[in-house]
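Asker: sequence first, then the predicted structure, then my questions.
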Amino acid sequence: MSDQSSFVAPGRSVGLADVFRRRYLLSLIVRKEIGIRYRGSVLGWMWSYVKPLVQFVVFYLAIGVFLGMNGRVEYFPLYLLAGITVVTFFSEAFTNGTRSLVDNAALIKKIYLPREMFPVASVLVAAVNILPQIVVVTVIAVFFGWAPSALHIAALLLGLIIVAMLATGLGLLFGAVNVTFRDAQSFVEIITMCAVWASPVMYQWEMVQEKVPDWLFVLYRMNPITAAVELFHFGIWFPLGPVNGQLIPDMWLFAGIGAVLSLALLVIGQLVFRRLEGRFAQDL
C-alpha cells in the first residue's frame, strides 16, 4: 500500500504561511490590482506623484497658512506630509483589504486558493502605491537639508512594518465579517476617517497632553498609528532640528507597544478569518 501521509486534503490552508508559499500567485494578484488602478489613464504612475503634491499644497495652505500652523511648528509642511503618508498607507490598505474578498467573489467561488491572499495583496498594493509619496516626502526633506542617520531610516521602516501588520490584521478581521455583514465597510470608513485625527498628523501631541487626563494620554500613545506617525516624524522631520519641536514622550517604548498590539491584532484577525472562511463561498 502506498504511503499517503504526505497528501493534504483539498482546500486545507495553513493561513498566512500558505500565502507566502504561493508567492508567484500573490505577485500576479498584486500586478492585476495595480494594473486595474491605472488602466485607461494617460498619466498612469504620474498620478501617484501628483496626488501627494496636491494634497500637500492644500493642507499647507488650509492648515499651515490659514490656521497658522506654519508659525507654530518649524518645517510644518514636512511634519504634515510625514504623518499623512502613514495615515494614507493605513487607510488604503485597511479599506481595500476589507473589500477584497467581496471584490474577488467570482474567483473565490470557482477555485481554491488561500483566501488570506486577497487582504495581504491589498496591503502590498497599498505599499507600492505609497512609495511615490515617500519619494516626494524625502525629496522635499533633502531640499530642507535632511541628513538622516541609520537610526532615522530604521524608524521609518519600523513605522511601515507597524502599519502593515495593523492593516493586515484589521483587513483579515473586517474582510471576513464583511462577507456576511456588509455593514463592516461603513465601520471601516468611520475608523479611517478618525485615524487622521486620532494621531498627531495635523497638530502636535502637546495639544492632546494639555487637554486630557494622564491615563487617556497613555492610551493615545498606545495607538499603533500614533506610534507609526511619530516614528515618521523622527525619521523625516526631527533630523532637521526644529527648535520648538519635540517627539512624543517615551516614543520608542510606545513604538514597541504599538508593534506588539499590531502583531496581536494580526493574530486575532487570522483566527477570526479561519473561523469564518468556511462560509465565504456560500455567503458570497
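Answerer: Structure received.

Asker: going forward, measure contacts between C-alpha atoms and count neighbours the same way
Answerer: Noted.

Asker: just to check, Phe118 is in contact with Gly97?
Answerer: Yes - with contact defined as C-alpha atoms under 8 Å, Phe118 and Gly97 form a contacting pair (7.0 Å).

Asker: looking at the two, which has the bigger crowd around it?
Answerer: Between Phe118 and Gly97, counting by other C-alpha atoms under 10 Å, Gly97 is the more crowded of the two (32 against 28).

Asker: just the pLDDT at the more buried one, thanks.
Answerer: Looking at Gly97, its pLDDT reads 90.

Asker: who's in contact with the helix or strand Ser186 falls within?
Answerer: Element membership for Ser186, per DSSP states H and E: helix 184-195. Under the contact criterion C-alpha atoms under 8 Å, 6 or more residues apart in numbering, helix 184-195 has outside partners Val87, Phe90, Ser91, Phe94, Thr95, Thr98, Arg99, Phe174, Gly175, Val177, Asn178, Ile225.

Asker: can we see that at 7 Å?
Answerer: Helix 184-195 is contacted from outside by Val87, Ser91, Thr95, Thr98, Phe174, Val177, Asn178, using C-alpha atoms under 7 Å, 6 or more residues apart in numbering.

Asker: would a markdown table of those with distance to Arg31 and neighbour count be doable?
Answerer: Below are the contacts of helix 184-195 laid out as a markdown table (distance: C-alpha to C-alpha, whole Å; neighbours: other C-alpha atoms under 10 Å):
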| residue | distance to Arg31 | neighbour count |
| --- | --- | --- |
| Val87 | 23 | 24 |
| Ser91 | 20 | 22 |
| Thr95 | 18 | 25 |
| Thr98 | 19 | 30 |
| Phe174 | 23 | 27 |
| Val177 | 26 | 20 |
| Asn178 | 24 | 22 |
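
Asker: in helices, which of those fall?
Answerer: Within those, residues falling in helices by DSSP state H are Val87, Ser91, Thr95, Thr98, Phe174, Val177, Asn178.

Asker: residue contacts, the second one?
Answerer: In this case it means Ser91. Residues in contact with Ser91 (C-alpha under 7 Å, 6+ apart) are Thr192.
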